[in-house]
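**Q** have a look at this prediction, sequence included:
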Amino acid sequence: MTAPANESRTAPENDVYHAIAHPIRRQILDLLRGGDRPVKQLAAPFSVSRPAISQHLRILLDAGLVTENRFGRERRYHLQAERLRDVQSWVDEYQR
């Protein structure tokens, strides 16, 4: 008996490609290139609610693109750019 095809796939919320598909999430990653930032700073440039930004951050966390550290009541996010290597390798194949 074989497993259904969809069981072997990565869940979308854990998928780096899914995580970077949304422009807001890409902009959040751009902001984090400048260093760790709290949610309040990450949400400031966007005209969406803080809960919406938190949802985007959750997707980035689940994909391993960011980490979260707590300092008292504040959560600071840190870019984990290593997870983008698979994307870079995939793009490199098309540039050849």
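**A** Looks like it came in fine.
**Q** which phi and psi does residue 66 have?
**A** Dihedral angles of residue 66 (phi, psi; degrees, to the nearest 10) stand at phi -140, psi 160.
**Q** now residue 77
**A** Dihedral angles (degrees, to the nearest 10) for residue 77: phi -110, psi 140.
**Q** please report how far it lies from residue 92.
**A** 27 Å (CB to CB, to the nearest Å). No exception for glycine: its C-beta is placed from N, CA and C like everyone else's.
**Q** next: residue 25.
**A** For residue 25 relative to residue 92 (CB to CB), the value is 22 Å.
**Q** now the most centrally placed residue in the chain: which helix or strand?
**A** Residue closest to the mean C-alpha point of the chain, counted by CA atoms, centre = their mean, is residue 60 at 2.3 Å. According to DSSP states H and E, residue 60 maps onto helix 50-62.
**Q** so residue 28 touches residue 55, yeah?
**A** No - in this structure, residue 28 is not within contact of residue 55 by CB atoms under 8 Å, at 11.3 Å.
**Q** these two - which one has more neighbours?
**A** residue 28 (25 against 14; other CB atoms under 10 Å).
**Q** could you pull up phi and psi at the closest residue to the more buried one other than its chain neighbours?
**A** Closest residue in space to residue 28, ignoring its immediate chain neighbours: residue 42 at 5.7 Å, by CB to CB, 6 or more residues apart in numbering. With angles defined as degrees, to the nearest 10, residue 42 sits at phi -70, psi -30.
**Q** perfect, I'm done here.
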